[in-house]
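> no FASTA, just this:
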């Protein structure tokens, strides 16, 4: 059976867009999913409340409040409240920084110029290295708002007021959103992530049941499988990131999302070929369905799986080639939750190092962050030069647009430019300017404007709740719509003001498209390969952490590596989603799509290795277990981990084309380890050897996939 990658690889390369594919993409992206309608309604209510408060109390420059009512986390009330606090604190700090900078440099044109450029560089560096995107946005946006105010010849009182008003604006937006969420959570305390994963697994379970019974799969089930295959798991990863979980639970749920996504991908492959299962395969499919039903029940009841049942994996199937891998993945799901915390105290960082959680671990070592900040600074600086050189302060949203649209994981340039321009046209021109010509002149009450505003917000929110490949379009649509209709506390019918704001947004979009996106970009395949090599190398480092005899050093390494690996998994999967979008819309090299498919197939093996390494670390982190092991057993285990790490490094070097032949993996180290533990058995020796054997199996699986 030809795989999807092979079919695509043998298609003739074309430079025109795949419009049939695009129609399917839009169809599934805008289709409902569990919880989507509720989220859109809450976003619309919060934004409309913000608008009513702004008009009632005549608050200026209020577009940002509407934008943050869309961006604020809604995964649970605690996450919403925590995110709101970060946003308000970020605005306060940014406003104080702006006031201090203007006090020191306002009267000196040269120093003021360099302060502005340096501040723009700081803005994009913070955007890239801060772990909380909404908080980073809250720190950076006030700078973009304040620049045009302090560049104009205005009284100092007005300039200070213009700098401090955004704090009030954001407090209003955050307060309205938190209040809306608090009211909603009184009636619904479900976990949106578990609800969505349950629906993913249910679709696979129903497909397996239909095949086992030799009957046609119901059309609604096939539609859900195709929808989830098309949209990917990007929205679930965003949900997980916003839930604010501790590192262990975050790793567990991230692995669960990855495995569920891979299951849906395999189910979609089965749906395309529609094989007829034999009797043996029908028995295995029924067992697979029953196991999925048990897993779904436990996930709904407790959010985890209490015990790991016996393995399902059987021999390769001739009629359903995907069946063996599906069994392997379902058997891995319980393993995700069969771990304790790695080491004592690793759940929270030391009190003196709280600030480290605000930045990514390699914030000051990774040159990619500096490149990102430099490219963003160039784009925003050109917009700043332009509206000052033209003496056209009305287009000041250009700088703000550069800041808001600077997403590091949105994918490569074509997708980002397409979403920015489409969002600008839809929100700023279609819903914004056309409404000022046709609708607003006929509205004479706040109620009428609220209805119009709610409809525009609901449309933008529906797209903003899509997967990351299309949600960016919804955010840009809301941004442009609010800049035109929510900047002032009145119905804006002056087309000159609206025109200037729309042009400002367009200038910012063009600057980001031609400078930011084009600066040092690489092909999708090269970026994916780089991320894969980096994650394999990090897993090799994590594997040998217990070999370090200094416990404090080992704990520090584990915490740092665990954070980096989790972040890399999220970025790699996000980039894979973006790459699939790109492949349908521009000329690609013949080997790009099979390479992307190969990297995607390697993810379950990587996740398995990561979970098993954490499980082994959990065992060795307990002092009572470590004392059970003899010196010979500890040496054998350290030797196994060193050999295992070397195997991972060889695979990484081979993927990076630094070695001509793939790594040769032997079972010498695991055999010696088993002999050592059999000679001096202990209550936990069997568990440790089983984990090590599974690590070897996963390493072989990774080698074969890569």
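Received it, and whenever you're ready, just let me know what you need. Bear in mind that the values here come from a model prediction, so they are computed numbers and not experimental data. Numbers count the residues shown, from 1 in each chain.
> what comes up buried for the helix or strand where residue 700 lies?
Secondary structure from DSSP states H and E places residue 700 in helix 685-705. Residues of helix 685-705 classed as buried by neighbour count (16 or more other Cβ atoms under 10 Å): 685, 688-689, 691-692, 694-699, 701-703. The C-beta positions use only the backbone N, C-alpha and C, and glycine is treated the same way.
> of these, which is the nearest to residue 616?
The closest of those to residue 616 turns out to be residue 691 (Cβ to Cβ; 5.0 Å).
> mean confidence score for the helix or strand hosting residue 483?
Using DSSP H and E, residue 483 falls within helix 468-485. Mean pLDDT, helix 468-485: 83.
> which SSE is immediately downstream of that helix?
Where DSSP H and E defines the elements, the next helix or strand beyond helix 468-485 is helix 495-511.
> where does pLDDT dip in the stretch 501-650 of the chain?
Applying pLDDT under 70 to the stretch 501-650 of the chain flags residues 517-525, 546-556, 574, 577-593, 621-628.
> ugh, wrong one, I meant the stretch 51-200 of the chain
134.
> could you find the closest non-adjacent residue to residue 151?
residue 388 (6.2 Å; Cβ to Cβ, 6 or more residues apart in numbering).
> what's the neighbour count on that neighbour?
Neighbours of residue 388 under the rule other Cβ atoms under 10 Å: 17.
> what's the answer for the one 5 residues further on, then?
By the other Cβ under 10 Å criterion, the neighbourhood of residue 393 contains 14 residues.
> next up, the contacts around the residue lying closest to it once chain neighbours are set aside.
The shortest distance from residue 393 to any non-neighbouring residue, by Cβ to Cβ, 6+ apart, is to residue 148 (5.2 Å). Counting by Cβ atoms under 8 Å, 6 or more residues apart in numbering, residue 148 touches 387, 393, 396, 399.
> pull the most distant pair out of those residues.
393 and 399 (11.3 Å).
> so which of the contacts of residue 148 is the most crowded?
residue 399 (30 neighbours).
> quick one, phi psi at it?
Per-residue torsions, residue 399: phi -70, psi -40 (degrees, to the nearest 10).
> quick one: contacts for it?
120, 144, 147-148, 380, 383-384, 508.
> same deal with residue 50?
By Cβ under 8 Å, 6+ apart, the contact set of residue 50 is 62, 65-66, 69, 172-173, 176.
> can you check residue 485 too?
Counted by Cβ under 8 Å, 6+ apart, residue 485 has contacts 432, 435-436, 453, 456, 492.
> residue 159 now?
Counted by Cβ under 8 Å, 6+ apart, residue 159 has contacts 102, 149-150.
> swap the cut-off to 7 Å and go again
By Cβ atoms under 7 Å, 6 or more residues apart in numbering, residue 159 lies in contact with 149-150.
> ok, now residue 701?
Neighbours of residue 701 in contact, by Cβ under 7 Å, 6+ apart: residue 605.
> what residues are up against the spatially most central residue of the chain?
Residue closest to the mean C-alpha point of the chain, counted by Cα atoms, centre = their mean, is residue 238 at 4.3 Å. The neighbours of residue 238, taking Cβ under 7 Å, 6+ apart as the test, are residue 468.
> so how far is residue 232 from it?
Distance, residue 238 to residue 232, by Cβ to Cβ, to the nearest Å: 11 Å.
> try residue 536
With Cβ to Cβ as the criterion, residue 536 and residue 232 are 22 Å apart.
> what's the answer for residue 563, then?
As for residue 563, its distance to residue 232 is 23 Å (criterion: Cβ to Cβ).
> of the two, which one has the most company?
Neighbours were counted for residue 563 and for residue 232 using other Cβ under 10 Å; residue 232 has more, 22 against 19.
> can I assume the more buried one is in contact with residue 466?
No: applying Cβ atoms under 7 Å, one finds residue 232 not in contact with residue 466, separated by 10.7 Å.
> now do the phi/psi pair for residue 359.
phi -120, psi 150.
> number of residues surrounding the residue lying closest to it once chain neighbours are set aside?
Spatial nearest neighbour of residue 359, excluding adjacent residues (Cβ to Cβ, 6+ apart): residue 129 at 5.1 Å. Residue 129 has 21 neighbours, counted by other Cβ under 10 Å.
> thought residue 278 was touching residue 323?
No: contact criterion Cβ under 7 Å: residue 278 and residue 323 do not qualify, at 10.5 Å.
> so those two - more neighbours on which side?
The residue with more neighbours, out of residue 278 and residue 323, is residue 323; 27 against 13, by other Cβ under 10 Å.
> burial check on residue 496, number of neighbours?
8.
> got the contact list for the residue lying closest to it once chain neighbours are set aside?
Spatial nearest neighbour of residue 496, chain neighbours left out: residue 394 (7.8 Å); criterion: Cβ to Cβ, 6+ apart. Residues in contact with residue 394, defined by Cβ under 7 Å, 6+ apart, are 497, 500-501, 504.
> got a ChimeraX select line for the buried ones in those residues?
Listed next is the ChimeraX selection for buried residues among the contacts of residue 394, using 16+ other Cβ under 10 Å:
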select :500,501,504
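> okay, angle between the helix or strand hosting residue 46 and helix 468-485 too, please.
Per DSSP H and E: residue 46 is located in helix 36-57. Computed by axes from the mean of the first three to the mean of the last three Cα atoms, to 10 degrees, the angle separating helix 36-57 from helix 468-485 equals 20 degrees.
> could you shift the numbering so residue one becomes 43, and keep it that way?
Sounds good: first residue 43 from here, last item helix 78-99.
> quick check: next helix or strand after helix 78-99?
According to DSSP H and E, the helix or strand after helix 78-99 is helix 105-113.
> can you tell me what sits against that following helix?
85, 88-89, 92-93, 96, 129, 176, 179, 183, 208, 211-212, 214-216, 218-219, 502-503, 506, 517, 520-521, 524-525, 528-529.
> burial count for residue 251?
Neighbours around residue 251, by other Cβ under 10 Å: 19.
> residues in contact with it?
Contacts of residue 251 (Cβ under 7 Å, 6+ apart): residue 331.
> could you measure from it over to residue 231?
30 Å.
> do the same with residue 690
As judged by Cβ to Cβ, residue 690 and residue 231 stand 42 Å apart.
> what do you get for residue 662?
For residue 662 relative to residue 231 (Cβ to Cβ), the value is 37 Å.
> show me which of these two is the more surrounded one.
residue 662 (21 against 9).
> in helices only, show me the contacts of residue 441.
With DSSP state H as the criterion, helices contain 162, 186, 189-190, 422, 425-426, 550 from among the contacts of residue 441.
> give the ChimeraX command for selecting the buried subset of those residues.
To isolate in ChimeraX the members of the ones in helices among the contacts of residue 441 that are buried, counting by 16+ other Cβ under 10 Å, one can use:
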select :162,186,189,190,422,425,426,550
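> residue contacts, residue 166?
414-415, 418-419, 448.
> now do the strands in this structure.
With DSSP state E applied, the chain shows no strands anywhere along its length.
> what distance do you get for the residue found closest to residue 222 once you drop the neighbours it is linked to in the chain to residue 126?
Using Cβ to Cβ, 6+ apart and skipping the chain neighbours, the partner closest in space to residue 222 is residue 88 (4.4 Å). Residue 88 sits 11 Å away from residue 126, going by Cβ to Cβ.
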